[in-house]
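**Student:** Here is the input, now give the coordinates:
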Amino acid sequence: MSDYSRPVEPATRLLDELNTEISADLDEEAGGIGWWNGHVGWKVSAQLGEYLLASCTGVADSLKEASLAIEEHRRTEHGLNFARATRARKIAGRASSFDERIAALGGSTESELRREDIQKIWAGQALVSLAQVLDRLAAVVLVVAGVKVDVLRTDWGELSKLAARAPRSGVSQGIRQGVFADVGTPGRDRQNALLEIVASSEDHGPEDWLEWLLMSRNSYVHRAPRMNFHAMIVDKKRPAGTISPLHAQPDWADIEAMLGASRNGLEAMFLKPAPQSIFDGLRDSVSSLAVAVVQAVRDLWIERRADPSLIIQHGGTWRPLDKASVLQFPGYGPAAPTASKEVAVHPSSIRRIRAARLMGDQVGEWDC
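**Tutor:** Predicted coordinates for the structure are as follows:
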């Protein structure tokens, strides 16, 4: 196992086990998940079952990608700070101006400036991938819990709102009838138990860690970039490089943050720990939450397989085929010079393709 995969291995191992459980229930003859037969038609079962398996794989992929981004951020920062500290120590024993000291800790070559840009990219990718873990995990929860919502349009933020309202849900909470199993039934109790785990993010990290992560991801992806600030770090009272502190309030604009700093001090703008420590902590919190959720999801899947009437799968969680948009984008440049019209597929995917009724001898069954 690669070094970057090891910190998230407890979660990815459970996801592999969940994937194996679900894959075992694929029906290559009828299509989709075998014990959903009678709940939804084979076309919805095929689409929903395949999306569930893809989401399980996607959660594991995002965990590993986040861990890789965090490890690469660490490596890049270490290399940059070694060069910065070396320059700073060369002038530490003589009189030097403020500008000289600042220059020593900044990028001095085109290669170093490039690595600083790469470090920013790794930081952003870490936030995106960690939040992506949760958005993909939301789809797994919704399908396995049999909650009647649009799986393709419900991210972790929306799932969290739903989970907070689930124990007392009803028309007065703005939740449509039929979203959950009936109150007082074993199925509803199992849905509530799973959603309670979804809502327990405080068990997996410090106060507001999840909200900070999601706000940081949204700001990074959708908002104007914040001003970057640099702070010198020391080791045994000697210059050891610089860090770019992370903003304490990621959804604030710069003026809001600076006005707050004018009242509470500049340090109030930023989180006190180094960014690398925060990324490591976020990875561990997301992985811990994923472990708790996936364990509960696997248990519920096994229970539902043993008693399919526990929770009835809803066809309304998946859109009709004719509702998907159709684009006419041709791409750029000429067609790639591929050797044939065939594509390679991993052997493990063949069963999924057959259960989705997409092999050459099956695909005609999708015609309406």
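
**Student:** Flag the shaky bits of the stretch 1-150 of the chain, pLDDT-wise.
**Tutor:** Applying pLDDT under 70 to the stretch 1-150 of the chain flags the ranges 1-2, 92-98, 101-105, 107.

**Student:** one more time with 80, if that's ok
**Tutor:** The stretch 1-150 of the chain contains residues with pLDDT under 80 at 1-2, 88-108.

**Student:** for the stretch 151-300 of the chain, what spans make up the helices?
**Tutor:** Using DSSP state H, counting those that start in this stretch, the helices of the stretch 151-300 of the chain run over 156-165, 186-198, 209-222, 254-264, 275-306.

**Student:** next helix or strand past the last one?
**Tutor:** Sequence-wise, the next helix or strand beyond helix 275-306 is helix 347-355, with elements assigned using DSSP states H and E.

**Student:** List of residues touching that following helix?
**Tutor:** 23, 26-28, 31-32, 46, 49-50, 53, 345, 359, 362 (C-beta atoms under 8 Å, 6 or more residues apart in numbering). Bear in mind the C-beta positions are built from the backbone N, C-alpha and C, glycine included.

**Student:** and with 10 Å instead?
**Tutor:** 19, 22-34, 42, 45-46, 49-50, 53-54, 345-346, 358-359, 361-363 (C-beta atoms under 10 Å, 6 or more residues apart in numbering).

**Student:** May I have that helix as CSV, with CA atoms only?
**Tutor:** Taking Å, rounded to 0.1, in the frame of the first residue of the first chain, the C-alpha atoms of helix 347-355 are listed here in CSV:
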residue,chain,number,x,y,z
PRO,A,347,-13.0,-8.1,-15.7
SER,A,348,-14.6,-7.0,-12.5
SER,A,349,-16.8,-4.6,-14.4
ILE,A,350,-18.3,-7.2,-16.7
ARG,A,351,-20.8,-8.4,-14.1
ARG,A,352,-21.9,-4.8,-13.4
ILE,A,353,-22.3,-4.2,-17.2
ARG,A,354,-24.4,-7.3,-17.5
ALA,A,355,-26.5,-6.4,-14.5
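
**Student:** Give me the buried stretch members for that helix, please.
**Tutor:** For helix 347-355, a neighbour-count test (16 or more other C-beta atoms under 10 Å) marks 352, 354, 355 as buried.

**Student:** same check, this time on stretch 194-204
**Tutor:** Neighbour-count burial for stretch 194-204, with 16+ other C-beta under 10 Å as criterion, is recorded at 194, 195, 197, 198, 199, 201, 204.

**Student:** quick one: the fourth one from residue 9, how far?
**Tutor:** Per C-beta to C-beta, to the nearest Å, residue 198 is found 22 Å from residue 9.

**Student:** List of residues touching stretch 74-89?
**Tutor:** With C-beta under 10 Å, 6+ apart as the test, stretch 74-89 has contacts from 4, 92, 96, 100-109, 111-112, 115-123, 232-235, 238-244, 274-276, 279-280.

**Student:** taking those one by one, which sit in strands?
**Tutor:** 232, 233, 234, 235, 238, 239, 240, 241, 242, 243 (DSSP state E).

**Student:** Can you list the low-confidence ranges for the stretch 251-368 of the chain?
**Tutor:** In the stretch 251-368 of the chain (pLDDT under 80), the answer is 266, 315-317, 319-324, 338-368.

**Student:** hmm, 50 instead?
**Tutor:** Within the stretch 251-368 of the chain, no range satisfies pLDDT under 50.

**Student:** Pull the contacting residues for residue 260.
**Tutor:** Residues near residue 260 by C-beta under 10 Å, 6+ apart: 248, 249, 252, 266, 268, 269.

**Student:** now swap in residue 11 and tell me
**Tutor:** Here residue 11 is in contact with 59-60, 63-64, 133, 137, 286-295 (C-beta under 10 Å, 6+ apart).

**Student:** Which ChimeraX command selects the buried ones in the residues you listed?
**Tutor:** Remark: buried members of those, expressed as a ChimeraX selection using 16+ other C-beta under 10 Å:
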select :59,60,63,64,133,137,286,287,288,289,290,291,292,293,294
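
**Student:** just curious, which of the contacts of residue 11 is nearest to residue 221?
**Tutor:** Residue 221 has its nearest neighbour among these in residue 133, at 15.0 Å by C-beta to C-beta.

**Student:** Over to the closest one. Which of the three states is it?
**Tutor:** Following DSSP: H, G, I helix; E, B strand; the rest coil, residue 133 is assigned to helix.

**Student:** average pLDDT across stretch 155-174?
**Tutor:** When pLDDT is averaged along stretch 155-174, the result is 76.

**Student:** what's the longest helix in this structure?
**Tutor:** Ranked by residue count, the top helix of the chain under DSSP state H comes out as helix 42-90.

**Student:** tally of neighbours for residue 124?
**Tutor:** Neighbour count for residue 124, taken as other C-beta atoms under 10 Å: 17.

**Student:** let me fix that: residue 62
**Tutor:** 23.

**Student:** do the one 4 residues further on as well
**Tutor:** The tally of other residues near residue 66 (other C-beta under 10 Å) stands at 27.

**Student:** so where does the spatially closest residue to it that is not a sequence neighbour fall, helix or strand?
**Tutor:** Leaving out its chain neighbours, the residue that sits closest to residue 66 by C-beta to C-beta, 6 or more residues apart in numbering is residue 129, at 3.6 Å. Taking DSSP H and E as the criterion, residue 129 maps to helix 110-145.
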